[in-house]
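In: model this:
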Amino acid sequence: MPPRFHKSDPDTQGVTTMAQRRAKEPNHRLARLIEQSEASNAALAHRVNELLALAGVDRAYTHTSIRNWTARAMVPDPPAPAFLATALGERLGRKVSLEEMGMAKSSAATAETGLSFHRDPDQALTLAAEYWSTVDRRRFLQSSPFALTAYTTPVTRWLAVPTDPPLARVAGHRVGHVGRADLDDLWSAAEDARRWDSKYGGGNWRASQVTDCLNQRAAPLLRGTFTEKIGTELFAATAELARVAAWHDVDMGNHGSAQAHFVQALRLARASGDLAVGSYVLATMSLHTFLRGFPNEAIDMAEGAYERAKHDAPARVLAFAKLAEARAHGLAGDAPAAAAALSRCEQLVTAADTDPRDPDWLSYLTHARVATDAAEIYRDLGRPAEVLRWNEQAATMPAGVFSRAVGIRQTVIATAHLQQRNLEPGLEAGEQALTILSTVHSTRSRTYLRTLITNLAPWRTEPAVADFLHRADQVLTR
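Out: Numbering: from 1, shown residues only. Model prediction:
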C-alpha cells in the first residue's frame, strides 16, 4: 500500500524531488546556526510561516519540517530557504546566506564563496567562515587552473577601499568569546606552518594542516563574539593563516585553491583595517601571478601594494612589495626597472631596522634574503655574472631547516654556471640541489629542477650528466 501524505505538510509533497536533493549526511551547518540562534524549531517554523504569509505564499511548516532540514538535510522549495535565512539572521543579528545554511548547490556555491570579495564586512566574515567550513568539498578547486580574472575584482576593491572600520560581533551565548589565547594560537599556527613549509615543502602533512586550522579554529572564531580590538587582530591573524595556506597551494600547483585562499586573505586583511597586512597579502598575490607567467599584471599588483600603503605601512612591508615588483620586472625582461625596484627594496630593508612598527611576521626579509631573490631575478634576465655576485651576498641557510629554499637556490647557482658554459661547477651545484630537493614535497621546486635539466641539454651525452639526468628523472616522477 502506498504511504499516505498529509496535504498540509509541504515536506511530504514532491517526494521524488526531495529525495533527489537529500544529502547523505545531516545538515550540520544549519544545525549549528539554529543552535547559535537559540531558537526552538517551533519558533523558527512560526517565523518562516509569517514571512511566507507576508509574501503571499500559501505554505506552512512545522517544527518537524525544521528537524527534517537539519537531521535529513532536506531542502524545501523556494522561497522557504531565503525566509529561513532571514529568520536566522534576525536572531543572530547579521546576514545569513544560503551557502552558510548548506542550502545551495555545494560546488557552485563553494567556488563563488571562495572567490567572493564582499563589500559588506560582516557578510565577508560570514562568507570566509563558510568557505573554510566546506574545506572537504573544495578538492575540485585544487586541480583548477590559474585564472587571472579571479583576482580582478578583489584587487580593484582593495585598492579602492583597503581598510574597513573596526568591527565587533555579538553571537549567541553558546558561541564562545574570542580572547587573547585564541589569537596567540592562530599566530603560532601560522608560524609553525611557515617553518614546516620551508623545510619540507607545501605538500608536507604538517605544513598542510594550516587548512585544517582555518576550518576548525579560525572559522568558528569568526562566528564568535569579540570586541573591536580583538576583532582587528583576529582578522589579521586569519588573513596571515589564509596567506600561508595559499602559498602552500602555490607550492603544490593547486592554483584554484590558492587563489581562493588569497582572495579571502585579502578580504580579511581589509576587515582588519591594517594596510600593512593588506599590502603584504597583495604583494604575495603578485608573486603568484608572476609565477604563473603574467609578469605585467604582477607588476601592477605589486605597484598597487606599494603605492596604496607607502604612507602607512612599515618599511619592511613596503620592501616586500618592491621585491615582488622586481621579480616580475625580471621575468618581463626589463633589467633597468628590475634594478630600480631592487634598489628601493634594499633601501627600505635598511630603514626597517630602525622602524618601531617593524612586524615580527616579516622578520625573514633581510638583505641576505633580498640577495637570494636578486640572484633569481638576474637568472631570469640571463645575466649569470650578476647571479653569482648576488649569491655571494645571500645568507648561508642550513639545508636541514630551509630545505626547499636551499635546494632551489642551488638550482639557480647551477643554472648560472651553465649559462656561462661552466659545466663542472654547474653540475656540482646541481648535485647539491638534487640531494636536497629529493626530500622536499614541492611541485614548485621540481619546476626549478626542470629548468636546470633544460640548461644541461648541451652536455647530455657526457657520462656524468647522463647519470645526473637519470637520477633527476627518478625524483621528478615520484
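In: how distant is the lengthiest helix in the chain from the center of its chain?
Out: Counting by DSSP state H, the longest helix found in the chain is helix 228-252. Relative to its parent chain, helix 228-252 has a centroid offset of 7 Å by C-alpha atoms, centre = their mean, to the nearest Å.
In: list the helices and strands that helix packs on?
Out: helix 121-133, helix 180-200, helix 205-213, helix 219-222, helix 255-272, helix 275-291, helix 443-455 (3 or more C-beta pairs under 8 Å, 6 or more residues apart in numbering; DSSP states H and E). Backbone N, C-alpha and C define where each C-beta goes, glycine included.
In: between these, which gets nearest to residue 87?
Out: Comparison of those against residue 87 by C-beta to C-beta identifies helix 121-133 as nearest, at 15.8 Å.
In: where are the low-confidence patches of the protein?
Out: Where the chain drops to pLDDT under 70, the residues are 1-24, 55-56, 105-112, 134-143, 172-175, 197-208, 395, 397-402.
In: and with 50 instead?
Out: 1-8, 12-23, 106-109, 137-138, 140, 205 (pLDDT under 50).
In: What distance do you get for the spatially most central residue of it to residue 244?
Out: Of all residues in the chain, the one closest to the mean position by C-alpha atoms, centre = their mean is residue 261, 2.4 Å from it. Separation of residue 261 from residue 244 (C-beta to C-beta, to the nearest Å): 9 Å.
In: One more: residue 190?
Out: Where residue 244 is concerned, residue 190 sits at a distance of 5 Å (C-beta to C-beta).
In: Looking at these two, which is more packed in?
Out: residue 244 (27 against 23; other C-beta atoms under 10 Å).
In: With adjacent residues omitted, what lies nearest to the more buried one?
Out: Nearest residue to residue 244 in three dimensions, chain neighbours excluded: residue 193, at 4.9 Å (C-beta to C-beta, 6 or more residues apart in numbering).
In: pretty sure that neighbour is touching residue 214, no?
Out: No. At 10.3 Å, residue 193 does not count as touching residue 214 under the criterion of C-beta atoms under 8 Å.
In: Check the contact lists of those two and give me the overlap.
Out: 241, 245 (C-beta atoms under 8 Å, 6 or more residues apart in numbering).
In: separation between residue 308 and residue 148?
Out: 20 Å.
In: From the neighbour counts alone, determine which of those two ranks first.
Out: residue 308 (20 against 13).
In: Cross-check the contact I'm expecting between the more buried one and residue 162.
Out: Yes. Counting by C-beta under 8 Å, residue 308 touches residue 162, with 5.5 Å between them.
In: what do those two both touch?
Out: With C-beta under 8 Å, 6+ apart as the test, residue 308 and residue 162 both reach 275, 278.
In: ok, the nearest residue to residue 312 once chain neighbours are set aside - how many residues close by?
Out: Among residues not flanking residue 312 along the chain, residue 275 sits closest, at 4.5 Å (C-beta to C-beta, 6+ apart). Close neighbours of residue 275, defined as other C-beta under 10 Å, add up to 22.
In: Does residue 275 touch residue 308 like I think?
Out: Yes. The pair residue 275 / residue 308 is scored as a contact, 7.0 Å apart, by C-beta under 8 Å.
In: returning to what we had before: could you figure out how far the longest helix of the chain is turned away from helix 180-200?
Out: With axes from the mean of the first three to the mean of the last three C-alpha atoms, to 10 degrees applied, the angle from helix 228-252 to helix 180-200 works out at 20 degrees.
In: Which positions within helix 228-252 qualify as buried?
Out: 230-252 (16 or more other C-beta atoms under 10 Å).
In: just to revisit the earlier point, give the residues shared as contacts by residue 190 and residue 244.
Out: residue 210.
In: Give the phi and psi angles for residue 226, as a check.
Out: Dihedral pair for residue 226: phi -160, psi 150, per degrees, to the nearest 10.
In: how far away is it from residue 84?
Out: Residue 226 is 26 Å from residue 84, by C-beta to C-beta.
In: Pull the helix or strand harbouring residue 389 out as PDB, backbone CA atoms only.
Out: Using DSSP states H and E, residue 389 sits within helix 384-393. Only the C-alpha atoms of helix 384-393 are listed here, as PDB (Å, rounded to 0.1, in the frame of the first residue of the first chain):
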ATOM      1  CA  PRO A 384      74.800  34.900 -14.900                       C
ATOM      2  CA  ALA A 385      77.700  37.000 -13.600                       C
ATOM      3  CA  GLU A 386      75.200  39.100 -11.700                       C
ATOM      4  CA  VAL A 387      73.500  35.900 -10.300                       C
ATOM      5  CA  LEU A 388      76.800  34.700  -8.800                       C
ATOM      6  CA  ARG A 389      77.600  38.200  -7.500                       C
ATOM      7  CA  TRP A 390      74.300  38.400  -5.700                       C
ATOM      8  CA  ASN A 391      74.700  34.800  -4.400                       C
ATOM      9  CA  GLU A 392      77.800  35.800  -2.600                       C
ATOM     10  CA  GLN A 393      75.800  38.300  -0.600                       C
END
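In: Mind giving me the packing neighbours of that helix?
Out: Partner elements for helix 384-393 (3+ C-beta pairs under 8 Å, 6+ apart): helix 367-380, helix 403-419.
In: redo that, cut-off 10 Å
Out: helix 335-352, helix 367-380, helix 403-419, helix 423-437 (3 or more C-beta pairs under 10 Å, 6 or more residues apart in numbering; DSSP states H and E).
In: what's the most buried one of these?
Out: helix 403-419 (a mean of 24; mean count of other C-beta atoms under 10 Å).
In: I'd say residue 65 and residue 80 touch.
Out: Yes. Between residue 65 and residue 80 there is a contact under C-beta atoms under 10 Å: 8.6 Å.
In: Which residue, other than its chain neighbours, is closest to residue 355?
Out: Using C-beta to C-beta, 6+ apart, the closest residue to residue 355 is residue 315 (4.7 Å).
In: Run a quick neighbour tally on residue 37.
Out: 21.
In: no, scratch that, I was asking about residue 79
Out: Other residues close to residue 79 by other C-beta under 10 Å number 15.
In: quick one, what contacts it?
Out: 48, 51-52, 55, 57, 59, 86 (C-beta atoms under 10 Å, 6 or more residues apart in numbering).
In: neighbour-wise, which of those leads?
Out: Counting neighbours by other C-beta under 10 Å, the top entry in the contacts of residue 79 is residue 48, with 26 neighbours.
In: My read is that that one contacts residue 63, right?
Out: No. Using C-beta under 10 Å, residue 48 is not in contact with residue 63, being 11.0 Å away.
In: And for residue 191, the neighbour number?
Out: Neighbours around residue 191, by other C-beta under 10 Å: 14.
In: Please produce CSV containing the helices and strands packed on helix 228-252, extended by distance to residue 319.
Out: CSV is the format used below for these (distance: least, C-beta to C-beta, whole Å):
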stretch, distance to residue 319
helix 121-133, 28
helix 180-200, 18
helix 205-213, 25
helix 219-222, 30
helix 255-272, 18
helix 275-291, 10
helix 443-455, 23
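In: I'd guessed residue 130 sits against residue 29; true?
Out: Yes. Residue 130 lies in contact with residue 29 (C-beta under 10 Å); the separation is 7.8 Å.
In: quick revisit: to residue 168, which of the helices and strands packed on helix 228-252 lies closest?
Out: Nearest of the helices and strands packed on helix 228-252 to residue 168, taken as C-beta to C-beta: helix 121-133 at 10.3 Å.
In: helices or strands up against the closest one?
Out: helix 28-37, helix 98-101, helix 106-114, helix 205-213, helix 219-222, helix 228-252, helix 255-272.
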